[in-house]
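okay, here's the prediction I keep looking at, along with the sequence it came from:
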Amino acid sequence: MKLKLVTLLAWVVCFLMVRAPLFAHHGNVAYDTSKTIVLKEATVTKFVWANPHSVVMFDAKDDKGNVQHWAGEAGSPSALGLIGWSSKSIQPGDVITVYIYPAKTGRPVGRLNRIVLADGTVLKDSALGYRETE
Amino acid sequence: MRNFLVSSIVALAVVLAFSPVAGAQVFSGPGQVDQRPDSLYQRLEKTGGTGGPAPTRDLTGFWTGPLEPKLGQAPPMTALGQTRFKANIPDPFSVHSNDPWGTCDPFGFPRSVTNETRGIAFSPMPDRIVIMTQYQKIWRAVWMDGRPLPKNVGAKGGPEAKWYGYSVGHWDGDHTLVVETNGVDDRSWLDRRGYPHSVDMHVEERYTRLDHNTLELTVTIDDPKIYTKPFVVATNRFKWIPNQDDEEQLCVPSEMISYFNTVALPANQDEVTGKK
């Protein structure tokens, strides 16, 4: 029994130690990173290319067919620029697929895992884009 | 019992596989390793080399560093220090923070060298060296003509405190620039963790050029009103940028406000947990 508890504790401590650096710079505690929501046929309404967080704003339908106005944050231009993004990557009107870690509040806001453009180009988030989903 | 141990080890291995410390390696397919590309600084640390010996008493040029330095542990604080520390709520991307960074207020000093440290540059002027921080395009002029630091800054009859204080410097040997700063406006935080300082703080930076391509920095705080002993708040390392190009990194107030309204507020977790 004691060994079980010690092992569990050790695992939790290691987990926390490993997670902390990822979130050290920008707090991602508000997001549920245990699952991604996939939003297909999302229409970009605004793309903010800004420090320290870029933000993709888009409209996407929920399960009931209602349009939700989403905001998905991603890394800074310095970080995203290294992995294929530019200020011109997307513009209002573009139709994309969004993989996003939703806010625990349940509101249509989250941290991007990645987006997929109409031509198939995959753009990952600099912080959370290197985790596999689905 | 044994199954639990085994599954714990497996879980730990999975967790470590996601470790950002390991360079965010993820297996994305059979035999495939998908790794986040290195920043310029990381690449130069791996392959940049020494570039030859350090020139004598010269740091001129543009340098690249990691996003953040290594931050040191603060010693026990005085009663005043503890009160001021408790009043600072870090994490500028959360709704309840009062980090002045949230509205792009000046970082002040030494935060300009303890937070957002991707770029630094040095430029000589007669009797001065100008130290330039890439983030927010912050510059500070360091007097090299032997003058002393001012006294009574912030006191009645004395000079005004400034966000970036007053700096004087000298060379220690041929490769270490020592910069001393005082008179810093006490509204600024020492770093992103929210450590406070008083206007009587004295800061020493030691920039040591190890070789042509490598620069190390140690930042030491001496502020007896707040900290019970001097301490190293940050250490950092920079590499010479081969093409000497810098990047632009600005904190734009309207962008921060927009971020707050479109992301931080709707994602406000404290609302969910019910704590303020």
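Looks like it came in fine.

what pairs with residue A:110 across the strands?
Judged by DSSP bridges, the bridge partners of residue A:110 are residue A:72, residue A:102.

do residue B:184 as well
Here residue B:184, judged by DSSP bridges, has bridge partners residue B:162.

neighbours around it, how many?
29 (other CB atoms under 10 Å in any protein chain shown). Every residue, glycine included, has its C-beta placed from N, CA and C.

all helices of chain B, in order?
For chain B, helices defined by DSSP state H occupy the ranges B:2-17, B:40-47, B:79-87, B:111-114, B:253-259, B:269-273.

would you mark the buried spots in the second one?
Same thing as helix B:40-47. B:40, B:41, B:44, B:45 (16 or more other CB atoms under 10 Å in any protein chain shown).

reformat these as TSV; add distance to residue A:84 and pLDDT.
Listed next are those as TSV, based on distance: CB to CB, whole Å; pLDDT from 0 to 100:
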residue	distance to residue A:84	pLDDT
B:40	16	93
B:41	19	96
B:44	21	97
B:45	23	97
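
closest to chain A out of those?
residue B:40 (8.4 Å; CB to the nearest CB).

who's in contact with that closest one?
B:64, B:241 (CB atoms under 8 Å, 6 or more residues apart in numbering or on different chains).

could you rerun that using 7 Å?
residue B:64 (CB atoms under 7 Å, 6 or more residues apart in numbering or on different chains).

relative to residue B:245, how far out is it?
According to CB to CB, to the nearest Å, residue B:40 stands 10 Å off from residue B:245.

swap in residue B:107?
In terms of CB to CB, residue B:107 sits 23 Å off from residue B:245.

more neighbours: those two, which one.
Higher neighbour count among residue B:107 and residue B:245: residue B:107, with 25 against 10, using other CB under 10 Å.

measure the more buried one to residue B:164 for me?
9 Å.

could you list the low-pLDDT ranges of chain B?
In the predicted model, chain B carries pLDDT under 70 at residues B:1-35, B:269-276.

what segments of it are strands?
Along chain B, counting by DSSP state E, strands occupy B:26-29, B:32-34, B:61-64, B:70-71, B:119-125, B:128-133, B:138-143, B:166-172, B:176-182, B:202-211, B:214-222, B:231-240.

most tightly packed of those strands?
Burial among these, expressed as mean neighbours by mean count of other CB atoms under 10 Å in any protein chain shown, is greatest for strand B:61-64, which shows a mean of 22.

so that one, near chain A or not?
No - under the criterion of CB under 7 Å from any CB of the partner chain, chain A is not reached by strand B:61-64; the shortest gap measures 10.6 Å.

neighbouring strands - and their directions - for that strand?
strand B:119-125 (antiparallel), strand B:231-240 (antiparallel).

can you redo the ones you listed as JSON lines with distance to residue A:30?
Listed next are those as JSON lines, based on distance: least, CB to CB, whole Å:
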{"stretch": "strand B:119-125", "distance to residue A:30": "29"}
{"stretch": "strand B:231-240", "distance to residue A:30": "27"}
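
which residues of chain A fall in strands?
A:37-48, A:54-61, A:67-74, A:95-102, A:109-116, A:122-124.

how about these, which one is nearest residue B:170?
strand A:54-61 (42.7 Å; CB to CB).

in that closest one, which residues are buried?
A:54, A:55, A:56, A:57, A:58, A:60.

parallel or antiparallel, list what pairs with that strand.
Counting by DSSP bridges, the strands paired with strand A:54-61 are strand A:37-48 (antiparallel), strand A:67-74 (antiparallel).

is it true that residue B:262 touches residue A:71?
Yes - using CB atoms under 7 Å, residue B:262 is in contact with residue A:71, at 4.5 Å.

I appreciate the help and will end here.
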